[in-house]
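Participant: Predicted model follows, preceded by the sequence.
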Amino acid sequence: MKIAYAAQVPIPSHRAYAVHVMHMCKAFAEQGHEVTLYAMPPSVDAGDPFSYYGMCADFRLEKVRLLSLRGVAGPLYGREIVRRSLAGQRPDLLYSRHIYAAYAALLAGLPVIYEVHMPYSNGFHRLLLSRMLRDKERFKLVAITQALKEQYLRDFPQISGDRIHVAHDGAVLPVRSVPPGLEVKKLRVGYVGNLYPGKGMELIVEIAERMPELTFDIVGGRPVDVVHWGDHISTDNIVLHGQKPHGALQPFFDQMDVMLLPLQRQVSPDGGGGDISRWTSPMKMFEYMAQGRAIVASDLPVLGEVLKNEHNALIAPGGDPNAWVRAIQRLQSDAILRCRLGKTARQELEEKYTWAARAKMILDVSPVND
């Protein structure tokens, strides 16, 4: 099958959106499909985009510029993607993270899967979605969490639950990794991800101040965020490694014993306005699971769709640093618990949350198969 993938994100860039898109395209390609990704030019100077994400170039990447035209930039960007995709051999499916590309493709007669990571952003988007949802044969909607699916069902009560399919984010199982050990005298605690408001860096600082005997490795963050936190950290047990290519993260994972997922009650998407805390399916959660490391996560209800306390993680209130200290101390003193949680998390990732499993599940419900 020939798949055109539409995304409004620079490739490569610091954004998790870009990581998600690249791995989904790779997963589709590995299942034997011919994939072309349409995305924006890079926002970081990183050379080969495939190497940046630690993968081979087994799909095509075409750059589409987003014009600086207020009010029409998004629709023009979506139309340009569809125009290009139709210029050669007609795709069998347009897979989209971009509402205007999805709508333009449906108007052009293409089967469409539209993936959503948050509720619609304005009344015009609601109108476009309402029109697309009328097409039961050629249009499918994918939501990244059950919570988000339920929100869309409330927003569009005219549709049935089988019109929206839930596909949580995913991760790649590492080809080579250093397994977590039982014999660890002092834990190294890690966080890998962006440092936007609500991601939990404030909480990590408070935890580190209470646990000066441990080292906290922080990998990620835009340069401006790294500078900001460097100026606001008063302890010497937090190491800010800064942003690293996604394909170069494994050595950092290998030196960590416990992984932190300290999302707060309000999480800004990509550092901008808004709040995704009720819907988010953070990729770092699945990447932590793939590593087989014990996870301490905040008690956001949406994370409970995947993480269960004492089963595959320890759960602590996002606003209580002392509870996080106690959880880490438990993992420090109980190596069997630490390894059991990590092993269970990895097994569940392998069974349910690889990119390959996600891609297969989505294509199984594709309008092309109806």
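Facilitator: Sure thing, it's come through. Numbering: from 1, shown residues only.

Participant: Please work out which residues outside the helix or strand residue 83 falls within touch it.
Facilitator: With elements taken from DSSP states H and E, the one containing residue 83 is helix 73-87. Contacts to helix 73-87, defined as Cβ atoms under 8 Å, 6 or more residues apart in numbering, come from residues 4, 6, 8, 36, 38, 62, 64, 66-67, 69, 91, 94, 98-105, 108, 110. (C-beta placed from N, C-alpha, C; glycine too.)

Participant: Next: stretch 151-165.
Facilitator: Stretch 151-165 is contacted from outside by 116, 119-120, 126, 129-130, 133, 136, 140-143, 149, 278-279, 361-362, 365, using Cβ under 8 Å, 6+ apart.

Participant: and if you look at stretch 48-64?
Facilitator: Residues outside stretch 48-64 that contact it (Cβ under 8 Å, 6+ apart) are 11-12, 18-19, 22-23, 25-26, 28-30, 34-42, 44, 46, 77, 80-81, 84, 245-248.

Participant: mind redoing it with 6 Å?
Facilitator: Judged by Cβ atoms under 6 Å, 6 or more residues apart in numbering, the contacts made with stretch 48-64 from elsewhere in the structure are 11-12, 22, 25-26, 29, 35-38, 41, 46, 80-81, 245-247.

Participant: So among these, which ones count as buried?
Facilitator: Of all these considered here, the ones buried according to neighbour count by 16 or more other Cβ atoms under 10 Å are 11-12, 22, 25-26, 29, 35-38, 46, 80-81, 246-247.

Participant: where's the dip in pLDDT among those?
Facilitator: When the buried ones among the contacts of stretch 48-64 are sorted by pLDDT, the bottom entry is residue 46 at 76.

Participant: quick one on the thing from earlier: following the chain onward from the helix holding residue 83, which element is next?
Facilitator: Proceeding N to C from helix 73-87, the next assigned helix or strand is strand 93-96, under DSSP H and E.

Participant: tell me what that next one is packed against?
Facilitator: Contacting strand 93-96 under the criterion 3 or more Cβ pairs under 6 Å, 6 or more residues apart in numbering; DSSP states H and E are the following elements: strand 2-10, strand 112-116.

Participant: what about residue 154, how many neighbours?
Facilitator: Residues near residue 154, counting by other Cβ atoms under 10 Å, number 9.

Participant: err, residue 197, not the other one
Facilitator: Considering only other Cβ under 10 Å, residue 197 is surrounded by 15 other residues.

Participant: Residue 317 too?
Facilitator: Counted with other Cβ under 10 Å, the neighbours of residue 317 add up to 11.

Participant: pretty sure it is touching residue 299, no?
Facilitator: Yes - at 5.4 Å, residue 317 and residue 299 qualify as touching, with contact defined as Cβ atoms under 6 Å.

Participant: hmm, back to that, now, which of the contacts of stretch 151-165 lie within helices?
Facilitator: Applying DSSP state H to the contacts of stretch 151-165, the entries found in helices are 126, 129, 130, 133, 149, 361, 362.

Participant: List the residues that contact the first one.
Facilitator: Applying Cβ under 6 Å, 6+ apart to residue 126 gives the contacts residue 120.

Participant: And it, how close does it get to residue 163?
Facilitator: Taking Cβ to Cβ, to the nearest Å as the measure, residue 126 falls 16 Å from residue 163.

Participant: Would you map the strands across the stretch 151-300 of the chain?
Facilitator: Along the stretch 151-300 of the chain, the segments classed as strands by DSSP state E, counting those that start in this stretch run 164-166, 188-192, 215-219, 238-242, 258-261, 294-298.

Participant: Looking at the ones you listed, spot the one closest to residue 338.
Facilitator: Using Cβ to Cβ as the criterion, the shortest distance between residue 338 and these is 4.5 Å, found for strand 294-298.

Participant: Work out the sheet partners of that closest one and label each with its direction, please.
Facilitator: According to DSSP bridges, strand 294-298 forms sheet pairs with strand 258-261 (parallel), strand 314-316 (parallel).

Participant: Determine which stretch of these is the most buried.
Facilitator: strand 258-261 (a mean of 26; mean count of other Cβ atoms under 10 Å).

Participant: which parts of stretch 243-255 are buried?
Facilitator: The neighbour-count criterion (16+ other Cβ under 10 Å) identifies 243, 246, 247, 249, 252, 253 as the buried residues of stretch 243-255.

Participant: possible to save these as a markdown table with distance to residue 369?
Facilitator: Written out in a markdown table, the entries for these read as follows (distance: Cβ to Cβ, whole Å):
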| residue | distance to residue 369 |
| --- | --- |
| 243 | 39 |
| 246 | 31 |
| 247 | 32 |
| 249 | 35 |
| 252 | 40 |
| 253 | 36 |
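
Participant: Distance-wise, check residue 131 relative to residue 124.
Facilitator: From residue 131 over to residue 124 (counting by Cβ to Cβ), the distance is 11 Å.

Participant: do the same with residue 54
Facilitator: Distance from residue 54 to residue 124, counting by Cβ to Cβ: 38 Å.

Participant: if you look at the contacts of stretch 48-64, which of them are in helices?
Facilitator: For these, membership in helices holds for 22, 25, 26, 29, 80, 81, with DSSP H as the criterion.

Participant: I'm done for today, thanks for sticking with me.
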